[in-house]
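S.K.: What follows is a predicted protein model with its sequence.
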Amino acid sequence: MSDVTPVRRALVSVYDKTGLAELAAGLAQAGAAIVSTGSTAQAIRDAGVAVTDVSEVTGFPEIMDGRVKTLHPAVHAGILADRSKDTHLAALDEHGIAGIDLVVVNLYPFRETIADPDVTPERAIEMIDIGGPTMVRAAAKNHAHVAVVVQPEDYAAVLAEVGERGGVTAATRRRLAAKAFAHTAAYDADVASWFARERSERFPERLTTRFHLAQTLRYGENPHQQAAYYVEAGQPWGLGSATQLHGKELSYNNLLDTDAAWGMAADFAEPCVAIIKHTNPAGLAVAASLAEAYPLALAGDPVSAFGGIVAVNRAMDAATARQVVEVFTEVVVAPGYDEEALEVLRGKANLRILEVTRPRPPQDALSLRSVSGGLLVQDVDAAAEDPASWTVATRAEPDDATLAELAFAWKVCKHVKSNGIVLTKDRAAVGVGAGQMSRVDSVRIAVDKSDGRSKGAVLASDAFFPFPDGPRAAIEAGVVAIVQPGGSVRDEEVVAVCDEAGIPMVLTGTRHFRH
């Protein structure tokens, strides 16, 4: 591989015309001849740069509405010829084909097209690029002699090398080739995913992922682990759609906790504040406003809130922001901020501020989780639940206010690591027991965290009680109602404990494990 490939002839065919005029002018100034197609050639002419239509090179017109224009030996032999082989050079001479040293191609916007919920299959299919990926892959394969550019962001670097070195260096050609193959792989993944959706194939035989590098992290969960953050391409949602407005770089653990915090806050219709530590709620509350909800959430566990993540489901206002900065907080995430709130928050040098632009998951969203040597895939746990469909298992029935409190506790519990127990009162979490090996231990921890506020509280359990010891411990602590999925072989014993105490127990029929 020669260190520098002179650019004597470039083929340029782009859908995205960003930076095209500057690129063409720079290539022309460097003495490169430009070959182009259709609207790209016209845009280059409009910029005052000489260009040759590809049909003049192939001796064949563009046909079938542009479906066939570059699929020709006069194009692909010029790209694929190995300049180190005399037989390849002889073949070019024999057939009168000129070599192509630079291929600049970006593809039809298939991903953006299918993002339109009203797109027809016919329109989607027309946006499947054939000639573009073929040229890109050909040039990337022959990167020992040809440079390939698939994104406008690389134009400046290529032009700089052409101007300073007379061509494109081997290191740059290799880097661009790797980027080109990743680009076409992602493009094919988009097409394959679309076909799977069209066929209602939820879990296809081969899972094609569409993620791009958003950030190389300083380290992973621990300093000795390397890590990176990838974001779903196309229409990312939740944390993937967030923009950082202030603060130092997010860490691996910041991202995990922020995702958990946002998921909790976004799940509520009312103004909600969630304060998260190690992916579990240190506090969560809803109220008439964020400013009213924040102190209620903070009271849930003010000790654990130190160094936590704060998520809100409304645009952050100044009154709430002033409360947030009184407690050491790592990250604040919201769907928006007013100007005064941003000014208050930016006064804390180390506070990261994130703004989420697409809160809710799309209908086809999947949850991906790695295991050693594999990947677990499931639907996002976003199914709507109707408390009116729940079953009252006890003689005592909850009144409307108690049922509403149980529904709130149940929704909070959905976001707590199993075994998960949540105590709430007046629509604020007052005690949380998370991630324990036995459910009764989670009850005891939640009661202990409540610091006496368990009296008059309701309890939610993310899965059934295998024994009556959990409800008994809760009742002894003053809990006045319980919601849980049911389904244990000992449900009758569990219900009997509640009947003895005269408190209602409601069964949802739905489990919310969160391992």
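M.R.: Great, that's in hand. Residues are numbered from 1 along each chain as shown.
S.K.: Check what pLDDT the residue of the chain most remote from its centre gets.
M.R.: Largest separation from the mean C-alpha position in the chain: Glu94, at 52.1 Å (Cα atoms, centre = their mean). pLDDT for Glu94: 89.
S.K.: any idea how far Val392 is from it?
M.R.: Distance, Glu94 to Val392, by Cβ to Cβ, to the nearest Å: 87 Å. C-beta coordinates here come from the backbone N, C-alpha and C atoms, glycine included.
S.K.: Give the next helix or strand downstream of whichever strand or helix holds Ala171.
M.R.: Using DSSP states H and E, Ala171 sits within helix 170-198. Counting by DSSP H and E, the element after helix 170-198 in chain order, helix or strand, is strand 211-217.
S.K.: List the strands paired with that next one, with their directions.
M.R.: Counting by DSSP bridges, the strands paired with strand 211-217 are strand 227-232 (antiparallel).
S.K.: Going by residue numbers, what spans are strands in the stretch 1-150 of the chain?
M.R.: In the stretch 1-150 of the chain, the strands defined using DSSP state E, counting those that start in this stretch lie at 4-6, 9-14, 33-36, 52-53, 102-106, 147-149.
S.K.: Please apply the same query to the stretch 251-400 of the chain.
M.R.: So, for the stretch 251-400 of the chain - with DSSP E, counting those that start in this stretch - the strands run 272-277, 280-286, 308-312, 329-334, 352-356, 366-371, 374-379, 391-392.
S.K.: Could you pull out the buried residues of the third one?
M.R.: By neighbour count on 16 or more other Cβ atoms under 10 Å, the buried set for strand 308-312 is 308-312.
S.K.: what about Pro359, how many neighbours?
M.R.: When counting by other Cβ atoms under 10 Å, one arrives at 14 neighbours for Pro359.
S.K.: Let me know the distance separating it from Ala265.
M.R.: Taking Cβ to Cβ, one finds Pro359 at 9 Å from Ala265.
S.K.: How about Met64?
M.R.: 52 Å.
S.K.: the more surrounded of the two?
M.R.: It is Ala265, of Met64 and Ala265, that has more neighbours when counted by other Cβ under 10 Å, with 30 against 7.
S.K.: Could you find the closest non-adjacent residue to that one?
M.R.: Ala311 (3.9 Å; Cβ to Cβ, 6 or more residues apart in numbering).
S.K.: Let me see the contact set for that neighbour.
M.R.: Taking Cβ atoms under 8 Å, 6 or more residues apart in numbering, we find Ala311 in contact with 258, 261-262, 264-266, 273-274, 276, 332-334.
S.K.: Can you convert those residues into TSV and add a column each for pLDDT and distance to Val35?
M.R.: As requested, those are exported to TSV (pLDDT from 0 to 100; distance: Cβ to Cβ, whole Å):
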residue	pLDDT	distance to Val35
Thr258	96	48
Ala261	95	53
Trp262	95	49
Met264	94	56
Ala265	95	54
Ala266	93	50
Val273	98	59
Ala274	97	57
Ile276	95	56
Val332	98	52
Val333	97	49
Ala334	97	50
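S.K.: Wait, Ile445 touches Ser438, no?
M.R.: No - the criterion here is Cβ atoms under 8 Å, and Ile445 misses it with Ser438 at 10.6 Å.
S.K.: out of the two, which sits in the more crowded spot?
M.R.: Legend: neighbour count by other Cβ under 10 Å for Ile445 and Ser438, higher for Ile445 (18 against 13).
S.K.: give the contact list for Asp317.
M.R.: 289-291, 338, 340-341.
S.K.: all strands for the stretch 401-515 of the chain, in order.
M.R.: 421-425, 428-433, 458-461, 481-484, 505-507.
S.K.: Between the strands of the stretch 1-150 of the chain, which one is closest to Ala409.
M.R.: Closest approach to Ala409 among these is made by strand 102-106 (51.2 Å; Cβ to Cβ).
S.K.: Now for Leu176: which residues touch it?
M.R.: 140, 143, 147-150, 154, 158, 168.
S.K.: Nearest the middle, which residue of the chain would you pick?
M.R.: Judging by Cα atoms, centre = their mean, the chain has its centre closest to Gly240, at 3.2 Å.
S.K.: Which phi and psi values does that one adopt?
M.R.: Phi and psi for Gly240, reported as degrees, to the nearest 10, are phi -60, psi -20.
S.K.: ok, now Ala463?
M.R.: Per degrees, to the nearest 10, the backbone of Ala463 is at phi -140, psi 170.
S.K.: And it, how close does it get to Arg8?
M.R.: Ala463 sits 69 Å away from Arg8, taking Cβ to Cβ as the criterion.
S.K.: Out of the strands of the stretch 1-150 of the chain, indicate the one that is most buried.
M.R.: strand 147-149 (a mean of 29; mean count of other Cβ atoms under 10 Å).
S.K.: Okay, now the sheet partners of it, with direction.
M.R.: Assessed with DSSP bridges, strand 147-149 is paired to strand 102-106 (parallel).
S.K.: re earlier: leaving out chain neighbours, which residue sits closest to the residue nearest to the centre of the chain?
M.R.: Nearest to Gly240 is Val231, by Cβ to Cβ, 6+ apart, at 4.6 Å.
S.K.: ok, back up a step: of the buried residues of strand 308-312, which is the nearest to Tyr15?
M.R.: Distances from Tyr15 to the buried residues of strand 308-312, taken as Cβ to Cβ, are shortest for Ala311 (38.2 Å).
S.K.: which residues does the closest one bridge with?
M.R.: Ala274, Val333.
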